[in-house]
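# coords please:
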Amino acid sequence: MEKYNIYSAKLLPKWEILSQGHRACQGCGELLAVRQVCKAIGPDMIIANATGCLEIVTSSFPDTAWTVPWMHVAFENAAAVASGIESAIKVLKRKGRYPTDREIKILAFAGDGGTADIGLQALSGALERGHDFMYVCYDNEAYMNTGIQRSSSTPFCASTTTSPAGKNSRGQRTNKKNIPEIAVAHNIPYVATACPSYPFDLMAKAKKGADMKGAAYLHIFAPCPTGWRTLPDDTVDIGRIAVETGIFPLYEVVNGDYKMTYTPQELLPVKDYLKGQGRYRHLTEQDIEEIQQMVKNNYSKLLKKCTL
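Next comes the predicted model:
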């Protein structure tokens, strides 16, 4: 594999694992993140892709947007299939039927529905067993592919088709499930959060996680113009504001040790993030203040873990 520098735009690899011609929505944060992950890791990979937006827009029969071995698997078992691929290659190497000196990266791709809800059992099992693969969650905070239904990754007060805001409801009533922390609890070598608005941070984490021996988990913030009711050309700005407000902090956990990979000098008010999204247009000042306090508390807890 050619040498490249994932911290320099001029020295990034030229390969594009995800080809042009897919059917993603304009401004899709998920596809932007996928491109960055694949660019960082390179062509020597096999991908197990759960049902979801990514699978639908890249594999319209008889065509495919993938230039590497890629398989569509059921909504709930991306981690199980990836762990099976990793185990199969081990057996083939042991039997002399696969080059022992070839390093193939095994990846599982899924959205927040296929990770935080339907696929959580398979993910937990694969992490607990310690398979050598990287699981990547593209979190657009709802089941966008099937009609913008809430998932357990949908944020507090966000309006979806199954948690609609109305006279007697402020939208989603539960807090977003913290899947990175659940992954950390499995004592795996590497867990990280990332956002495509910070491409070099994302690509560095993707490469680090894929190169790590053992299981790795990468949780990526993926703005969705369709589901969030935002303009397509605002996707990168929304990602940046999510990080700058502390709503989606960027950090990594290496063998249990927490480290912030980007720390804003001063957190912006969450209103700056919420005001541009149609899914939050029903919020009152009281709602915004409640969300602000929640973000402040969660961010403070994370910072304490990073200083232990």
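
# for the rest of this, base every contact and every neighbour count on C-alpha atoms.
Noted.

# doesn't residue 106 fall inside a helix?
No. Secondary structure assignment (DSSP: H, G, I helix; E, B strand; the rest coil) places residue 106 in strand, not in a helix.

# let me see the contact set for it.
45, 46, 47, 82, 85, 86, 132, 133, 134, 210 (Cα atoms under 8 Å, 6 or more residues apart in numbering).

# can you rerun that using 6 Å?
With Cα atoms under 6 Å, 6 or more residues apart in numbering as the criterion, the residues that contact residue 106 are 45, 46, 133.

# of those residues, which is the nearest to residue 188?
The shortest gap between residue 188 and any of the contacts of residue 106 belongs to residue 133, at 11.0 Å (Cα to Cα).

# helices of the stretch 1-150 of the chain, start to end?
Taking DSSP state H, counting those that start in this stretch to define them, one finds helices in the stretch 1-150 of the chain at 29-41, 53-58, 78-94, 120-129.

# and stretch 140-147, how far out from the chain middle?
Taking the mean of its C-alpha atoms, stretch 140-147 sits 14 Å from the chain's own mean (Cα atoms, centre = their mean, to the nearest Å).

# about what we covered before: which of the contacts of residue 106 has the most neighbours?
In terms of neighbour count, residue 133 stands highest of the contacts of residue 106 at 28 neighbours, by other Cα atoms under 10 Å.

# and it, backbone torsions?
When read as degrees, to the nearest 10, the backbone of residue 133 gives phi -160, psi 170.

# how close does it sit to residue 115?
Distance of residue 133 to residue 115, computed by Cα to Cα, to the nearest Å: 15 Å.

# nearest to residue 190 among the helices of the stretch 1-150 of the chain would be which one?
Comparison of the helices of the stretch 1-150 of the chain against residue 190 by Cα to Cα identifies helix 120-129 as nearest, at 10.6 Å.

# what's near enough to touch residue 52?
The contact partners of residue 52, taken as Cα under 6 Å, 6+ apart, are residue 145.

# coming back round to it: could you say which of the helices of the stretch 1-150 of the chain is packed most deeply?
Sort the helices of the stretch 1-150 of the chain by mean neighbour count, taking mean count of other Cα atoms under 10 Å, and helix 29-41 sits at the top with a mean of 22.

# packing partners for that helix?
Taking 3 or more Cα pairs under 6 Å, 6 or more residues apart in numbering; DSSP states H and E as contact, the helices and strands that helix 29-41 lies on are helix 199-211.

# what about residue 154, neighbour count?
As a burial measure, residue 154 scores 26 neighbours (other Cα under 10 Å).

# my guess is it meets residue 141, correct?
Yes. Shown here, residue 154 and residue 141 form a contact pair, counting by Cα atoms under 6 Å, at 4.5 Å.

# next secondary structure after the helix or strand of the chain with the lowest mean pLDDT?
Sorting the helices and strands of the chain by mean pLDDT, DSSP states H and E puts strand 169-170 at the bottom, at a mean of 90. Using DSSP states H and E, the helix or strand that follows strand 169-170 in sequence is helix 179-184.

# which of the residues in that next one are buried?
Going by neighbour count (16 or more other Cα atoms under 10 Å), the buried part of helix 179-184 is 179, 180, 183, 184.
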